[in-house]
Structure formats: structure tokens, C-alpha cells
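Visitor: got a predicted model here, sequence first, then my questions.
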Amino acid sequence: MNLVYRKISKEEASKVRELINTVIGGLENPEFFIPYEEWEYEKMFDESYAPLYGAYDGDKLVAMGQLYVQQDMLQEYIKLLGLEGKKVCELGGALCLKEYRKQGIMTHIMGILEGYAKDNHFDYIVTMAHPDNIASNQLIHKLGIEYVKTEVVSSGFLRKIYSKKI
Ligand SMILES: CC(C)(COP(=O)(O)OP(=O)(O)OC[C@H]1O[C@@H](n2cnc3c(N)ncnc32)[C@H](O)[C@@H]1OP(=O)(O)O)[C@@H](O)C(=O)NCCC(=O)NCCS
């Protein structure tokens, strides 16, 4: 398949909403993805908050991923992981349409975001997944991000938490 990977532009906000609604609507367990709040949609294209990349099959947005970079929004994880004083970013927003899964698409998007983290001199990448979310935990394993601990995070969701020194 000939996919194109690139930054998602503000003009494509409706495609992002559609992808989010389709994937969240089809989750095998609603606990697997912490739903977006309205303010997060407003910040979706703010690169100082979270660069956003997608995979396209022609004009169709088939997958997306985000790298949360704003330090004050990451304090909970920085404290949980004892990373005070470090520059930390978080991989998230990993959503791929069902019919495009298990083809390495999310590995590719997360690779782009990891490159962004390296280029911008972050010290650590963190990420998390529900313990039963096999696809997500496998993806994280593939990215070489190491398991640290399991916690209920402040949003009330149980998560395996992972980190990797860059
Ligand atoms: C998690 C998700 C984004 C993965 O996307 P993807 O494009 O299918 O991932 P990749 O193809 O890059 O797979 C990465 C690795 O995980 C493995 N994997 C993916 N899905 C898997 C599954 N259901 N069962 C077992 N392994 C799986 C792949 O085989 C690959 O490992 P390999 O190269 O060693 O074989 C996708 O399943 C999804 O959108 N799920 C619903 C939303 C969600 O749960 N998001 C994560 C929230 S934390």
C-alpha cells in the first residue's frame, strides 16, 4: 500500500474528528482510550502542545499519533516516574482504522514522533496503555519503551506506564 505520512493540517480538523469517532466507536473495550475533551480538540493543531502526524491513503486519513510536549501538562507523569528536572514528552493519540491495522502504520507514525523528540532534545519519552490493550502494549514493546509501573492515573483510567531515555 502506498501511504503518505505527514503533519495533519488545521484545515483537516473534520477528518481528525471522523477518525477519532470511528476508532473510539469501535473499541473492543471503552477503557482502552481516554476520550478527548473539547479543549483538547481546540489544542489539536497547536504544535507547542502536541505535534500531530497522520497516515494517508490518498485523501483518506487512516491513522494519527500525537507527541505531547508541553511540560506543565505532563507533571503528573513526571512525578509518577521520578523524572523531575528532565525534559519529557508523551506519545499518545494512537488511533488507526481497523482495516489498516497490523501493517506497521502506527510504528511508522511513532517513529516520526520519536525523531521529533530527538531533534528537539527531549530527555525521556513516556507512554501508557490499558493492561488488556494487546495491540497498544505490543506497539510500545516494539518501540523499545520500557515498562515501569501500573497505576490508576488522575483521569481514573488504569494504565501500564512506560518510559525510555532518549
Ligand atoms: C494500537 C493501534 C494504534 C496499533 O496500530 P497498528 O498500526 O495496527 O500498529 P502496528 O501495525 O505498527 O503494530 C505494532 C506491533 O504491534 C503488533 N500488534 C498490533 N496489533 C496487534 C494485535 N491486535 N495483537 C497482537 N499484536 C499486535 C504488531 O504485530 C506489531 O508488532 P510486530 O511488528 O513485531 O509484528 C491500533 O490497534 C488501534 O488504533 N487501536 C485502537 C485504539 C487504541 O487502543 N489506541 C491506543 C491507546 S493507548
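Guide: Nice, thanks for sending it over.
Visitor: okay, which residue is most central for this structure?
Guide: Compute the mean C-alpha point of the chain, and by CA atoms, centre = their mean the closest residue is G92, 1.6 Å away.
Visitor: wasn't that residue part of a helix?
Guide: No - assignment of G92 by DSSP: H, G, I helix; E, B strand; the rest coil gives strand, placing it outside any helix.
Visitor: tell me the SS of the residue nearest to it when sequence neighbours are not counted?
Guide: Closest residue to G92 apart from its sequence neighbours, by CB to CB, 6 or more residues apart in numbering: Q66 at 5.2 Å. All C-beta atoms are positioned from the backbone trio N, CA, C, and that covers glycine. Here Q66 is recorded as strand under three-state DSSP.
Visitor: other residues contacting the strand or helix carrying K79?
Guide: Per DSSP states H and E: K79 is located in helix 75-80. The contact list for helix 75-80, computed with CB atoms under 8 Å, 6 or more residues apart in numbering, reads 71, 83-84, 86, 88, 90, 126, 128, 149, 151, 153-154, 161.
Visitor: how far off centre is it?
Guide: Distance, stretch centre to chain centre, for helix 75-80: 17 Å (CA atoms, centre = their mean, to the nearest Å).
Visitor: can you tell me the closest non-neighbouring residue to L97?
Guide: Per CB to CB, 6+ apart, closest to L97 is V62, 5.0 Å.
Visitor: that neighbour: neighbouring residues, count only.
Guide: 21 (other CB atoms under 10 Å).
Visitor: output the contacting helices and strands for the lengthiest helix in the chain.
Guide: Under DSSP state H, the helix in the chain containing the largest number of residues is helix 105-119. Where contact means 3 or more CB pairs under 8 Å, 6 or more residues apart in numbering; DSSP states H and E, helix 105-119 is packed against strand 4-7, strand 52-57, strand 60-68, strand 88-96, helix 134-142.
Visitor: so can I have CSV of the ones you listed showing mean pLDDT?
Guide: Output for the helices and strands packed on helix 105-119, formatted as CSV (pLDDT from 0 to 100):
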stretch, mean pLDDT
strand 4-7, 98
strand 52-57, 98
strand 60-68, 98
strand 88-96, 98
helix 134-142, 98
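Visitor: alright, calling it a day.
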